[in-house]
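# predicted model, plus sequence, below.
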Amino acid sequence: MRNRPRQTEPRQVRRRRTGRRPERSGPDPLLSTRALMVLLAAGGAGTVAALVPESAVPIGVAVAVVTLLAQIVRD
């Protein structure tokens, strides 16, 4: 004859966090962090290109690459 398993108290199940942020009551920000970083990089590149004109093309290419990578990461 088989032994019956003991009856134990049911364990509480932990709920996993879904990663969602709580609802905000205020308005959404005007610029996202990504957009702000791209604008700051473009402003810095423009300043350096104005001070050192021969660096304008390499800096423009670098900013274009960073902008494209930011778009790819977002998608």
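Thanks, I have it. In this text the structure is predicted, and so the values were computed from the model without any measurement. Residues are numbered from 1 along each chain as shown.
# surely Asp59 meets Gly43?
Not Asp; residue 59 is Ile. No: at 11.7 Å, Ile59 does not count as touching Gly43 under the criterion of CB atoms under 8 Å. Bear in mind the C-beta positions are built from the backbone N, C-alpha and C, glycine included.
# compare those two (neighbour count), which wins?
For Ile59 versus Gly43, neighbours defined as other CB atoms under 10 Å are more numerous around Ile59 (18 against 10).
# give me the distance between the more buried one and Pro29.
28 Å (CB to CB, to the nearest Å).
# which regions of this structure sit below the pLDDT cut-off?
Across the chain, the ranges flagged by pLDDT under 70 are 1-2, 4-5, 10-22, 24, 75.
# what segments of it are helices?
33-51, 56-74 (DSSP state H).
# of these, which is nearest Asn3?
Nearest to Asn3 among those is helix 56-74 (58.1 Å), distances taken as CB to CB.
# give the other helices and strands that that closest one contacts.
Applying 3 or more CB pairs under 8 Å, 6 or more residues apart in numbering; DSSP states H and E, we find helix 56-74 packed against helix 33-51.
# any idea of the angle the helix it packs on forms with helix 56-74?
180 degrees (axes from the mean of the first three to the mean of the last three CA atoms, to 10 degrees).
# can you point out the buried residues in helix 33-51?
Val38, Ala41, Ala42, Ala45, Ala49 (16 or more other CB atoms under 10 Å).
# before I go, just wanted to say thanks for your time.
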